[in-house]
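J.: only the shape, not the letters, is given here:
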């Protein structure tokens, strides 16, 4: 059974789950590279199965947000705990996640256990709210440090106020 999301758990992402200078051929490749980090960290138990869920979700509706953000996500029985893997694309690279304003340079793969529907929605909504702020997006892009990026993402969720 997946552990419930503690909204004060500052460990939804870690520096090991951040890829700086991500180079991917497309959004599926980016999701695969990020999912591999989750798998290596023990947060995903079946890499291929999880990626099937991510790609199925991606085919339902584009996950690009305004401001250069890709937000692939899936609830899956292969996820052991709610987690976020982050990719910041290499300078000059961007990936099409279907956003009306263009391709993404910041990709956040959200993985939640299949049973955690409310946690999944809370993380998505909270991250989307933070990512709607240009200052937050720029902080992620300019950090150049996996630890700082993980801290920025975690703190945006920790201080969410219902």
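T.: Structure's in. What do you need? Just so it is clear, the structure is predicted and the values come from calculations on it, not from any experiment. Numbering: from 1, shown residues only.
J.: the helix or strand hosting residue 19 pairs with which strands, parallel or anti?
T.: In the assignment (DSSP states H and E), residue 19 maps to strand 18-22. Counting by DSSP bridges, the strands paired with strand 18-22 are strand 83-89 (parallel).
J.: strand partners of the helix or strand following the strand it pairs with, parallel vs antiparallel please.
T.: As assigned by DSSP H and E, the chain's next helix or strand after strand 83-89 is strand 106-113. Partners of strand 106-113 in the sheet, by DSSP bridges, are strand 69-70 (parallel), strand 73-76 (parallel), strand 83-89 (antiparallel).
J.: buried ones in strand 106-113, by neighbour count?
T.: 106-113 (16 or more other C-beta atoms under 10 Å). For glycine as for every other residue, the C-beta is placed from the backbone atoms N, C-alpha and C.
J.: how about stretch 41-49?
T.: Within stretch 41-49, the residues scored as buried using 16+ other C-beta under 10 Å are 41, 43-44.
J.: want to throw those residues into JSON lines with pLDDT and secondary structure?
T.: Formatted as JSON lines, the buried residues of stretch 41-49 follow (pLDDT from 0 to 100; DSSP: H, G, I helix; E, B strand; the rest coil):
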{"residue": "41", "pLDDT": "97", "secondary structure": "coil"}
{"residue": "43", "pLDDT": "97", "secondary structure": "coil"}
{"residue": "44", "pLDDT": "98", "secondary structure": "strand"}
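J.: now the helices for this structure?
T.: 27-40, 47-60, 117-131, 134-142, 146-158 (DSSP state H).
J.: how about the strands paired with strand 106-113, which one is nearest residue 128?
T.: With C-beta to C-beta, the closest approach to residue 128 among these belongs to strand 69-70: 8.6 Å.
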